[in-house]
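# What shape does this take:
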Amino acid sequence: MFKRVSFYAVFVSLIAVLMTAGCATQGVVKKDEGIVPAPVAKQVEPPRSSEPKASVTPLRQVAAPPVTLAALPQPVAVQQAPKASSSVELQSALEKIYFNFDSADLSESARNTLAKNAAVLAQETIGKIRIEGNCDERGSAEYNLALGERRAKAAQQYLAAMGVKSDRLSIISYGKEKPAVQGNDESAWTKNRRDEFVVVTK
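Residues are numbered from 1 along each chain as shown. The predicted model follows:
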């Protein structure tokens, strides 16, 4: 009886040992079996363009050519009025100006003529200038004397504004008493509505 119980005990112990060894061996990784790494994603290169890359050439700084005086625009020479050597030449260089009917306003043509006269007077300082105002025959003597005075004053003020010294300028009105051209038509009247510039030596 004792032998039979011992046999069973040994048998059960043996089976338990075998089962334990089997379970242990199942959890152990064999040395020959390596750990398989996870698959690594393969890097895909971007498609290469078949077109050749444009070569970039660095810009060069080009020095600007030196500026010479010949390349610059030259000032226009201002033509000066000829210098009068005597009062006679000065008198001939001074031009008359003309007015519209019943007016003392300076026209553009009159202003241009006065500018020339001012240039002549700037070159020559001999003598003084008397500005004589004149009218055509129409109207009363008193009215034309006043109109002639206004015409002479208009020229005087313009010459002074152009730089002619005021102490060289004097005015007088002759009204309709000194016509330049005799006649009773527009061609004569046009010549008589005027200012004259007379050189006074005394």
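# All the helices of the chain, residue numbers only.
In the chain, helices defined by DSSP state H lie at 2-27, 87-93, 108-123, 141-161, 186-192, listed in chain order.
# Flag every buried residue along the third one.
This means helix 108-123. Within helix 108-123, the residues that count as buried by 16 or more other CB atoms under 10 Å are 110, 113-114, 117-121. Heads up, the C-betas are built off the backbone N, CA and C, glycines and all.
# and which of these is nearest to P179?
Of all the buried residues of helix 108-123, A110 has the smallest distance to P179: 19.1 Å, by CB to CB.
# now the buried residues of helix 108-123 as CSV including pLDDT and distance to F197?
Putting these into CSV (pLDDT from 0 to 100; distance: CB to CB, whole Å) gives the following:
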residue, pLDDT, distance to F197
A110, 97, 12
T113, 97, 10
L114, 97, 9
N117, 96, 6
A118, 96, 11
A119, 95, 13
V120, 94, 9
L121, 94, 9
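# how deep is L94 tucked in, by neighbour count?
18 (other CB atoms under 10 Å).
# Going forward, count from 16.
Understood, numbering begins at 16; the last thing we discussed is L109.
# pLDDT score assigned to the closest residue in space to it that isn't next to it in sequence?
Once flanking residues are discounted, L109 sits nearest to F212: 4.0 Å by CB to CB, 6 or more residues apart in numbering. Per-residue pLDDT puts F212 at 97.
# Wait, F212 touches I146, no?
Yes. If you go by CB atoms under 8 Å, F212 and I146 touch, sitting 6.0 Å apart.
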